[in-house]
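**Student:** Fold the following for me, if possible:
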Amino acid sequence: MEIFEVVSIGVIASVLVLLLKDKQPAIAYLLIVLTVLYFFLFVIQYVKEVLQLVVFLGEKANIHSAYIQTILQIIGISYVAEIGANIVKDAGLDSIAVKIELIGKVFILILAIPIFKSLIETIINIFPIT
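**Tutor:** You can find the predicted model right below:
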């Protein structure tokens, strides 16, 4: 089972980081970044399968592909921003991590504007304002 591989690598990397962080902090931080990158590349193959399923189900439900694509982009932005912010927090730079999270939220808001616009137009068409 692949979860054992992921957990083993995480535990080994954690022990190495704890051993190295006092004497070689730069190497310890690099090890953290490489471990997170490995996890990201490892999980991306499974995420692709989930994304394909979501697109397939959206097509079957006659949901406009632009909405599905936007929602998937929003999910992707949230994960990337969270991972990036956590890496920066691990480096002890909480103020930069907060800015990464804020920018991620702004990008999500920008992507959501067309969906909000469509929702408002639909509501106005259902309940016309006179």
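**Student:** Of all residues in the protein, which one is nearest the centre?
**Tutor:** Y79 (1.0 Å; Cα atoms, centre = their mean).
**Student:** which stretch of helix or strand covers it?
**Tutor:** Element membership of Y79 [criterion: DSSP states H and E] is helix 65-90.
**Student:** ok, and for that helix, which residues are buried?
**Tutor:** I68, T70, I71, L72, I74, I77, A81, G84, A85, I87, V88 (16 or more other Cβ atoms under 10 Å). Every C-beta, even on glycine, is put in place using the N, C-alpha and C of the backbone.
**Student:** Let's have the residues you listed in a markdown table, adding distance to Q45 and pLDDT.
**Tutor:** Converted to a markdown table, these look like this (distance: Cβ to Cβ, whole Å; pLDDT from 0 to 100):
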| residue | distance to Q45 | pLDDT |
| --- | --- | --- |
| I68 | 20 | 87 |
| T70 | 23 | 89 |
| I71 | 21 | 88 |
| L72 | 16 | 88 |
| I74 | 21 | 92 |
| I77 | 20 | 93 |
| A81 | 21 | 94 |
| G84 | 21 | 90 |
| A85 | 24 | 93 |
| I87 | 21 | 86 |
| V88 | 26 | 89 |
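**Student:** Okay then, goodbye and thanks.
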